[in-house]
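Trainee: Sequence first, predicted coordinates after that:
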Amino acid sequence: MSDTDYDYDLFTIGGGSGGVRASRVAAAHGAKVALAEEYRIGGTCVIRGCVPKKMLVYGAHFAEDLEDCEKFGWSIEGKSFDWVKLRDAVLADVDRLNGLYTETLENHDVELFHEKARLTGEHEITLASGKVVTAKHILIATGATPRIPDCPGHELGITSNEAFHLDEMPRRVLIAGGGYIANEFAGIFNEFGSKVTIINRTDVILRGYDEAVRDRLLQISMMKGIDFRFNAEFRGIEKTDDGALCVSMTNHDDLEVDCVLFATGRVPHTKDLGLQEIGVELGDHGEVLVDRFSKTNLDHVYAVGDCTDRIQLTPVAIREGQAFADTVFGDKPSAVDHDCVASAVFSHPPIAAVGMTEGEARNKLGGVKVYQSDFRPMKNVLAGRNERSLFKMICDAEDDRIVGIHMIAPEAPEMMQAAAIAVKAKLTKADFDATTAIHPTMAEELVLMR
Ligand SMILES: Cc1cc2nc3c(=O)[nH]c(=O)nc-3n(C[C@H](O)[C@H](O)[C@H](O)COP(=O)(O)OP(=O)(O)OC[C@H]3O[C@@H](n4cnc5c(N)ncnc54)[C@H](O)[C@@H]3O)c2cc1C
Ligand SMILES: NC(=O)c1ccc[n+]([C@@H]2O[C@H](COP(=O)([O-])OP(=O)(O)OC[C@H]3O[C@@H](n4cnc5c(N)ncnc54)[C@H](O)[C@@H]3O)[C@@H](O)[C@H]2O)c1
């Protein structure tokens with residue numbers, strides 16, 4: 001088949017962070033592009049992930065602000081919270097963003113198919129409507145789906161997908177998992193007045209983050225009233241006569257709640273896509289195996305984002321999509337650097353990190369120097385809120401180079417974005433020390449650590 005015999009230069013399956021960026025940039029490079037999306041353009045991040053989640057985090061934080069404001073002289077009579085009002089405002093903004101993402105693709109002449117796509121030949125895609133098209137290059141950008149434990153009654157639980165659409169705030173919530181989604185939604189539900197219990201099959205939360213920072217979040221979360229049950233594996237969920245959910249688990253008593261949220265990881269969305277049938281290699285968890293240019297074992301099939309299970313974060317998926325388009329359709333072959341990627345957990349308070357944890361640095365480098373600042377933010381002092389923040393800086397003892405920064409503090413993710421540049425640029429503790437503080441801020445602790 002010659003190049004002109006294909007319907008498209010690129011067919012992208014999945015209109016999320018990775019797929020949208022790749023398709024838009026490929027089209028801007030002059031390619032004829034089509035994209036299939038089976039749910040809503042924008043994908044997880046925009047429709048039922050980062051964006052609506054962050055809006056709920058903002059909404060939740062008012063609970064504490066309204067409490068604290070009295071210490072600052074304000075009195076607010078008759079304050080109350082209306083979940084449906086917030087939910088609908090958030091969903092309306094999601095609709096707006098969905099429209100903008102769709103418009104961007106249309107403005108770049110990307111042809112959209114609002115339906116499920118499957119591979120039915122090396123260069124052939126079949127849409128749910130039965131339409132068959134061909135493409136010279138194919139990009140898999142199908143994201144990931146929530147992992148649901150295989151226990152009796154699991155269909156009675158929800159995932160983060162449904163959490164954004166609840167009819168009412170549940171009075172009692174059980175969240176399964178100890179990762180990002182579990183800790184973020186625990187904060188959200190707790191601030192909105194639900195009684196939250198996190199159950200986790202291991203005895204650590206947020207594996208991968210620095211131990212001292214994780215411990216601080218655990219301590220503060222417990223202080224705020226969130227219960228934790230560790231080494232608890234799901235046995236099952238049963239509906240009681242009064243409509244509640246009775247959850248049984250290993251090592252702990254049964255617990256009656258009104259809502260069970262599974263936050264037990266997300267698995268690559270690659271089932272029934274026809275990938276293996278055309279010879280694309282998948283890993284043990286269904287992830288599409290790719291090289292540093294996001295190319296699969298077939299020269300014309302690429303994959304980006306969560307379906308490759310490299311780092312499941314939006315900015316990473318976007319970069320992978322951009323690099324793919326520049327490599328294949330531009331004149332700039334580029335691979336994404338997955339090292340030293342900064343991240344944040346939007347818990348209450350949030351955590352942010354870049355680089356190695358203290359434990360990782362000790363294992364990898366041997367000699368490390370650890371600097372830290374453990375302080376009560378000024379606002380918390382006046383508010384009488386006994387919540388301390390913690391900053392840690394990990395340096396290579398040999399050359400003073402900063403190899404990791406870890407924070408738990410109000411606005412930690414905002415501070416971390418700037419600090420991450422310094423770590424990526426391999427700056428040293430001395431470079432930070434040479435920078436004059438901005439006073440009074442929390443961020444000044446970054447240049448004052450001892
Ligand atoms: C609750 C939650 C909160 C999150 N918060 C953050 C955060 O704060 N910061 C952050 O960086 N990351 C966050 N993430 C992760 C982030 O959303 C993902 O890493 C990112 O969306 C991945 O982009 P993607 O393009 O790989 O996949 P997605 O955005 O998931 O897009 C894949 C798209 O493909 C579509 N699709 C799948 N199969 C087919 C098919 N066969 N045919 C047609 N269409 C198909 C899907 O419907 C979906 O729209 C969060 C995730 C969740 C679930
Ligand atoms: N702020 C952010 O950037 C953000 C927010 C939400 C989600 N995300 C992305 O989405 C991904 C998915 O989030 P998540 O919180 O579901 O996953 P996660 O990987 O952060 O946490 C999964 C948790 O589930 C537990 N678990 C795994 N399998 C289990 C099983 N079979 N039974 C019981 N427990 C089990 C794990 O021990 C872990 O505690 C994250 O890895 C992250 O990359 C990012």
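Mentor: On my side now, so go ahead. Numbering: from 1, shown residues only. Ligands and ions are numbered 1, 2, ... in the order given.
Trainee: isn't residue 146 right next to residue 158, touching?
Mentor: No: between residue 146 and residue 158 there is no contact under Cβ atoms under 8 Å: 9.3 Å. Bear in mind the C-beta positions are built from the backbone N, C-alpha and C, glycine included.
Trainee: what's the overlap in contacts for the two?
Mentor: Jointly contacting residue 146 and residue 158 under the rule Cβ atoms under 8 Å, 6 or more residues apart in numbering are residue 262.
Trainee: give me the element residue 402 is part of.
Mentor: strand 402-408 (DSSP states H and E).
Trainee: Starting from that strand, tell me which strands it pairs with and how they run.
Mentor: strand 351-355 (antiparallel), strand 389-396 (antiparallel) (DSSP bridges).
Trainee: Mind putting those strands into JSON lines with distance to residue 62 and mean neighbour count?
Mentor: Output for the strands paired with strand 402-408, formatted as JSON lines (distance: least, Cβ to Cβ, whole Å; neighbours: other Cβ atoms under 10 Å):
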{"stretch": "strand 351-355", "distance to residue 62": "21", "mean neighbour count": "25"}
{"stretch": "strand 389-396", "distance to residue 62": "20", "mean neighbour count": "23"}
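Trainee: what about those, which gets the closest to ligand 2?
Mentor: strand 351-355 (9.0 Å; Cβ to the nearest ligand atom).
Trainee: Return the angle between stretch directions for the helix or strand following that closest one and strand 351-355.
Mentor: Next helix or strand after strand 351-355 toward the C-terminus (DSSP H and E): helix 358-365. If you take axes from the mean of the first three to the mean of the last three Cα atoms, to 10 degrees, helix 358-365 sits at 0 degrees to strand 351-355.
Trainee: by contact count, what packs against helix 358-365?
Mentor: helix 211-223, strand 368-375, strand 389-396, strand 402-408 (3 or more Cβ pairs under 8 Å, 6 or more residues apart in numbering; DSSP states H and E).
Trainee: what's the angle between the second one and strand 389-396?
Mentor: Here strand 368-375 points in a direction 170 degrees away from that of strand 389-396 (the same axes, to 10 degrees).
Trainee: The last one too?
Mentor: Strand 402-408 and strand 389-396 meet at an angle of 170 degrees, taking the same axes, to 10 degrees as the criterion.
Trainee: Point out where this protein drops to low pLDDT.
Mentor: For the chain, no stretch has pLDDT under 70.
Trainee: near ligand 2, which residues of it show up?
Mentor: Within the chain, the positions lying close to ligand 2 (Cβ under 6 Å from any ligand atom) are 147, 149, 176-182, 184, 200-202, 263-266, 312-313, 343-346.
Trainee: from what I can see residue 44 touches residue 306, true?
Mentor: Yes: if you go by Cβ under 8 Å, residue 44 and residue 306 touch, sitting 7.4 Å apart.
Trainee: biggest helix in the protein, by residue count?
Mentor: In the chain, taking DSSP state H as the definition, the longest helix is helix 83-107.
Trainee: and it, what does it pack onto?
Mentor: helix 17-28, helix 43-48, helix 50-68, strand 111-113.
Trainee: helices and strands around the second one, which ones?
Mentor: If I follow you right, that is helix 43-48. helix 17-28, helix 83-107.
Trainee: Does ligand 1 have contacts with it?
Mentor: Yes: Helix 43-48 reaches ligand 1 (Cβ under 6 Å from any ligand atom) through 43-45.
Trainee: How about the stretch 151-300 of the chain: which residue is closest to ligand 2?
Mentor: As assessed by Cβ to the nearest ligand atom, ligand 2 sits closest to residue 179 within the stretch 151-300 of the chain, at 2.0 Å.
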